[in-house]
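J.: I would like to see how this sequence folds:
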Amino acid sequence: MTPRVMTPRVPPRLVTTLGPLLSAAAAAEALAADTEPDDLAQTLWLRLAEDTRAAGPPPDPVRWLRDALRAELRRGETAPRPGRPGPAEAADPLQPDPAELALTAERHRAVRAAVHRLPGRCARLMTAFLSPRDLTYREIAGELGISQGSLGPERSRCLGCLRRMLAAEVAAPDPWGKER
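T.: Have a look, this model is predicted:
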(Lines give C-alpha, C1' and ligand atoms only; values in the text may rest on other atoms or scores of the structure.)
Protein backbone atom coordinates (compact mmCIF):
# COMPACT_ATOMS: atom_id res chain seq x y z
CA MET A 1 0.00 0.00 0.00
CA THR A 2 1.49 3.36 -0.99
CA PRO A 3 1.39 6.15 1.54
CA ARG A 4 -0.87 9.00 0.60
CA VAL A 5 0.71 12.43 0.72
CA MET A 6 -1.54 14.87 2.49
CA THR A 7 -1.61 18.18 0.72
CA PRO A 8 -3.25 21.08 2.47
CA ARG A 9 -6.45 22.23 0.82
CA VAL A 10 -7.91 25.70 0.71
CA PRO A 11 -11.69 25.71 1.12
CA PRO A 12 -13.44 26.55 -2.20
CA ARG A 13 -15.21 29.51 -0.55
CA LEU A 14 -11.81 31.12 0.17
CA VAL A 15 -10.60 30.43 -3.36
CA THR A 16 -13.55 32.32 -4.86
CA THR A 17 -13.35 35.10 -2.27
CA LEU A 18 -9.60 35.66 -2.37
CA GLY A 19 -8.69 34.50 -5.90
CA PRO A 20 -9.09 37.78 -7.81
CA LEU A 21 -7.92 39.89 -4.86
CA LEU A 22 -4.84 37.74 -4.27
CA SER A 23 -3.89 37.83 -7.96
CA ALA A 24 -4.32 41.61 -8.12
CA ALA A 25 -2.36 42.18 -4.90
CA ALA A 26 0.47 39.91 -6.05
CA ALA A 27 0.64 41.67 -9.42
CA ALA A 28 0.67 45.09 -7.75
CA GLU A 29 3.37 44.28 -5.21
CA ALA A 30 5.61 41.95 -7.22
CA LEU A 31 7.45 44.68 -9.10
CA ALA A 32 8.37 46.54 -5.92
CA ALA A 33 9.46 43.27 -4.31
CA ASP A 34 11.59 42.38 -7.35
CA THR A 35 9.81 39.06 -7.82
CA GLU A 36 7.41 37.47 -10.28
CA PRO A 37 3.68 38.01 -9.59
CA ASP A 38 2.94 34.31 -10.06
CA ASP A 39 5.66 33.35 -7.57
CA LEU A 40 4.27 35.73 -4.99
CA ALA A 41 0.70 34.51 -5.58
CA GLN A 42 1.81 30.88 -5.32
CA THR A 43 3.61 31.59 -2.06
CA LEU A 44 0.51 33.28 -0.65
CA TRP A 45 -1.74 30.36 -1.69
CA LEU A 46 0.65 27.92 -0.04
CA ARG A 47 0.74 30.00 3.11
CA LEU A 48 -3.07 30.17 3.16
CA ALA A 49 -3.27 26.40 2.78
CA GLU A 50 -0.81 25.86 5.62
CA ASP A 51 -2.59 28.36 7.89
CA THR A 52 -5.99 26.83 7.06
CA ARG A 53 -4.70 23.36 7.86
CA ALA A 54 -3.23 24.52 11.17
CA ALA A 55 -5.93 26.90 12.45
CA GLY A 56 -8.86 26.62 10.08
CA PRO A 57 -10.04 29.30 7.65
CA PRO A 58 -9.22 32.86 8.67
CA PRO A 59 -12.20 34.78 10.09
CA ASP A 60 -11.39 37.84 7.96
CA PRO A 61 -9.84 36.58 4.69
CA VAL A 62 -9.13 40.07 3.31
CA ARG A 63 -7.25 41.09 6.44
CA TRP A 64 -5.39 37.77 6.40
CA LEU A 65 -4.35 38.45 2.79
CA ARG A 66 -3.10 41.94 3.63
CA ASP A 67 -1.10 40.71 6.63
CA ALA A 68 0.30 37.68 4.79
CA LEU A 69 1.31 39.83 1.83
CA ARG A 70 3.14 42.29 4.09
CA ALA A 71 4.88 39.48 5.94
CA GLU A 72 5.93 37.84 2.69
CA LEU A 73 7.27 41.12 1.32
CA ARG A 74 9.28 41.68 4.51
CA ARG A 75 10.64 38.14 4.28
CA GLY A 76 11.56 38.74 0.63
CA GLU A 77 13.57 41.83 1.56
CA THR A 78 15.99 39.76 3.61
CA ALA A 79 16.00 36.53 1.61
CA PRO A 80 18.82 36.05 -0.88
CA ARG A 81 17.82 35.88 -4.53
CA PRO A 82 19.69 34.13 -7.31
CA GLY A 83 22.31 36.42 -8.79
CA ARG A 84 22.03 38.95 -5.97
CA PRO A 85 23.97 38.86 -2.73
CA GLY A 86 21.98 38.03 0.37
CA PRO A 87 22.54 39.72 3.70
CA ALA A 88 25.43 37.42 4.60
CA GLU A 89 27.05 37.88 1.19
CA ALA A 90 26.56 41.63 0.92
CA ALA A 91 29.73 43.63 0.68
CA ASP A 92 30.93 45.02 3.98
CA PRO A 93 30.93 48.82 3.65
CA LEU A 94 33.99 48.97 5.90
CA GLN A 95 35.98 46.61 3.67
CA PRO A 96 37.49 48.23 0.57
CA ASP A 97 36.49 46.97 -2.85
CA PRO A 98 39.10 44.52 -4.25
CA ALA A 99 39.16 46.36 -7.58
CA GLU A 100 39.78 49.65 -5.78
CA LEU A 101 42.59 48.03 -3.78
CA ALA A 102 44.21 46.79 -6.99
CA LEU A 103 43.98 50.24 -8.62
CA THR A 104 45.42 51.92 -5.53
CA ALA A 105 48.31 49.45 -5.41
CA GLU A 106 49.01 50.07 -9.10
CA ARG A 107 49.03 53.85 -8.53
CA HIS A 108 51.44 53.44 -5.61
CA ARG A 109 53.77 51.31 -7.75
CA ALA A 110 53.72 53.94 -10.51
CA VAL A 111 54.53 56.74 -8.05
CA ARG A 112 57.35 54.75 -6.42
CA ALA A 113 58.82 53.91 -9.83
CA ALA A 114 58.69 57.59 -10.81
CA VAL A 115 60.30 58.59 -7.47
CA HIS A 116 63.30 56.36 -8.23
CA ARG A 117 63.76 58.13 -11.57
CA LEU A 118 63.85 61.62 -10.00
CA PRO A 119 67.09 63.57 -10.52
CA GLY A 120 69.66 64.47 -7.83
CA ARG A 121 68.67 64.39 -4.17
CA CYS A 122 64.97 64.26 -5.01
CA ALA A 123 64.87 60.46 -5.24
CA ARG A 124 66.38 60.04 -1.75
CA LEU A 125 64.26 62.86 -0.27
CA MET A 126 60.94 61.58 -1.65
CA THR A 127 61.83 58.00 -0.67
CA ALA A 128 62.37 59.25 2.89
CA PHE A 129 59.01 61.05 2.85
CA LEU A 130 57.28 57.91 1.55
CA SER A 131 58.97 55.68 4.12
CA PRO A 132 56.62 53.40 6.07
CA ARG A 133 58.57 54.41 9.20
CA ASP A 134 56.83 57.84 9.03
CA LEU A 135 59.99 59.85 9.68
CA THR A 136 59.90 63.37 11.14
CA TYR A 137 61.53 66.35 9.39
CA ARG A 138 64.39 66.19 11.92
CA GLU A 139 65.02 62.49 11.18
CA ILE A 140 64.88 63.03 7.41
CA ALA A 141 67.27 66.01 7.62
CA GLY A 142 69.71 63.99 9.74
CA GLU A 143 69.48 60.98 7.42
CA LEU A 144 70.12 63.05 4.28
CA GLY A 145 72.63 65.44 5.84
CA ILE A 146 70.77 68.64 4.93
CA SER A 147 69.34 71.38 7.13
CA GLN A 148 65.82 70.93 8.44
CA GLY A 149 64.82 74.39 7.15
CA SER A 150 65.61 73.46 3.54
CA LEU A 151 63.45 70.33 3.57
CA GLY A 152 60.20 72.20 2.79
CA PRO A 153 61.48 74.12 -0.28
CA GLU A 154 63.41 71.05 -1.50
CA ARG A 155 60.32 68.86 -1.06
CA SER A 156 58.26 71.41 -3.02
CA ARG A 157 60.72 71.37 -5.94
CA CYS A 158 60.87 67.56 -5.92
CA LEU A 159 57.07 67.25 -5.86
CA GLY A 160 56.85 69.65 -8.82
CA CYS A 161 59.34 67.52 -10.73
CA LEU A 162 57.45 64.33 -9.80
CA ARG A 163 54.15 65.91 -10.84
CA ARG A 164 55.56 66.84 -14.26
CA MET A 165 56.98 63.33 -14.75
CA LEU A 166 53.68 61.65 -13.88
CA ALA A 167 51.65 64.09 -15.99
CA ALA A 168 53.81 63.29 -19.01
CA GLU A 169 53.33 59.55 -18.47
CA VAL A 170 49.63 59.53 -17.60
CA ALA A 171 47.93 62.52 -19.19
CA ALA A 172 46.12 61.89 -22.45
CA PRO A 173 46.69 64.55 -25.08
CA ASP A 174 43.84 66.73 -26.27
CA PRO A 175 42.74 66.40 -29.90
CA TRP A 176 45.06 69.31 -30.83
CA GLY A 177 48.15 67.74 -29.24
CA LYS A 178 48.12 69.62 -25.94
CA GLU A 179 48.25 67.88 -22.60
CA ARG A 180 45.42 68.34 -20.21
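
J.: show me where pLDDT drops low in the protein?
T.: Low-confidence segments of the chain, defined by pLDDT under 70: 1-8, 77-93, 170-180.

J.: Where do the helices of it begin and end?
T.: With DSSP state H applied, the chain shows helices at 12-30, 37-55, 61-78, 98-116, 122-129, 137-144, 151-170, listed in chain order.

J.: Could you save the ones you listed as TSV and add columns showing mean neighbour count?
T.: C-betas here are computed from N, CA, C, even on glycine. Listed next are the helices of the chain as TSV, based on neighbours: other Cβ atoms under 10 Å:
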stretch	mean neighbour count
helix 12-30	15
helix 37-55	16
helix 61-78	14
helix 98-116	12
helix 122-129	18
helix 137-144	15
helix 151-170	14
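
J.: Now do residue 51 against residue 131, distance only.
T.: Residue 51 sits 68 Å away from residue 131, taking Cβ to Cβ, to the nearest Å as the criterion.

J.: whoops, residue 21 was the one
T.: For residue 21 relative to residue 131 (Cβ to Cβ), the value is 71 Å.

J.: Check residue 148 too.
T.: 16 Å.

J.: okay, now the domains of this protein?
T.: 12-78, 98-170 (automatic domain parsing).

J.: Tell me how far the first one lies from the chain's centre.
T.: Going back to what we said before, that points to domain 12-78. Mean C-alpha position of domain 12-78 versus that of the full chain (Cα atoms, centre = their mean, to the nearest Å) differs by 32 Å.

J.: What of the last one?
T.: Taking Cα atoms, centre = their mean, the mean C-alpha location of domain 98-170 is offset from the chain mean by 33 Å.

J.: In contact with the closest residue to residue 135 other than its chain neighbours: list those residues for me.
T.: Take residue 135 and drop its neighbours on the chain: the residue closest to it by Cβ to Cβ, 6 or more residues apart in numbering is residue 128, 5.9 Å away. Counting by Cβ atoms under 8 Å, 6 or more residues apart in numbering, residue 128 touches 135, 140, 143-144.

J.: so what's residue 157 up against?
T.: When contacts are counted by Cβ under 8 Å, 6+ apart, residue 157 is found next to residue 122.

J.: actually residue 18, sorry about that
T.: Here residue 18 is in contact with 48, 61-62, 65 (criterion: Cβ under 8 Å, 6+ apart).

J.: what would those look like in TSV with distance to residue 96?
T.: Listed next are the contacts of residue 18 as TSV, based on distance: Cβ to Cβ, whole Å:
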residue	distance to residue 96
48	47
61	51
62	50
65	45
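
J.: For those, work out which two are farthest apart.
T.: 48 and 62 (12.2 Å; Cβ to Cβ).
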